[in-house]
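*Asks:* Build me a model:
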Amino acid sequence: MKKDLKTLVDRILEDNKITKEEAEQLKQALTEEGETEEGYEQIDRILKLFDAGEIEEVEE
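*Replies:* Numbering: from 1, shown residues only. Sure thing, here's the model as predicted:
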């Protein structure tokens, strides 16, 4: 099922946590939508927070 990239990123940023399932969905969404202007914006949003250590991977 194709996930809207912005919606997925918003959900991850809501609590600054990412599950393995969300990570897989993000990977799929980036593959499908990552080469668009919006895709680049969403990639930038999430990578900045990963780099800052503000997003935590959790088991869920």
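
*Asks:* Give me the pLDDT value at residue 22.
*Replies:* What the model reports for residue 22 is a pLDDT of 88.

*Asks:* Leaving out sequence neighbours, find the closest residue to the residue positioned nearest the centre of the chain.
*Replies:* Nearest to the geometric centre of the chain sits residue 9, at 4.1 Å (Cα atoms, centre = their mean). Closest residue to residue 9 apart from its sequence neighbours, by Cβ to Cβ, 6 or more residues apart in numbering: residue 42 at 4.7 Å. Heads up, the C-betas are built off the backbone N, CA and C, glycines and all.

*Asks:* before we move on, the earlier item: in the host helix or strand of the residue nearest to the centre of the chain, what's buried?
*Replies:* Assigned by DSSP states H and E, residue 9 belongs to helix 5-15. Neighbour-count burial for helix 5-15, with 16 or more other Cβ atoms under 10 Å as criterion, is recorded at 5, 8-9, 11-12.

*Asks:* just those: which has the poorest pLDDT?
*Replies:* Within the set of the buried residues of helix 5-15, pLDDT is lowest for residue 5 (80).

*Asks:* ok, that residue to residue 52 distance?
*Replies:* Using Cβ to Cβ, to the nearest Å, one gets 20 Å for the distance from residue 5 to residue 52.

*Asks:* Tell me how many other residues surround residue 43.
*Replies:* By other Cβ atoms under 10 Å, the residues close to residue 43 number 16.

*Asks:* now it, what's its secondary structure?
*Replies:* Put simply, residue 43 is helix when judged by DSSP: H, G, I helix; E, B strand; the rest coil.
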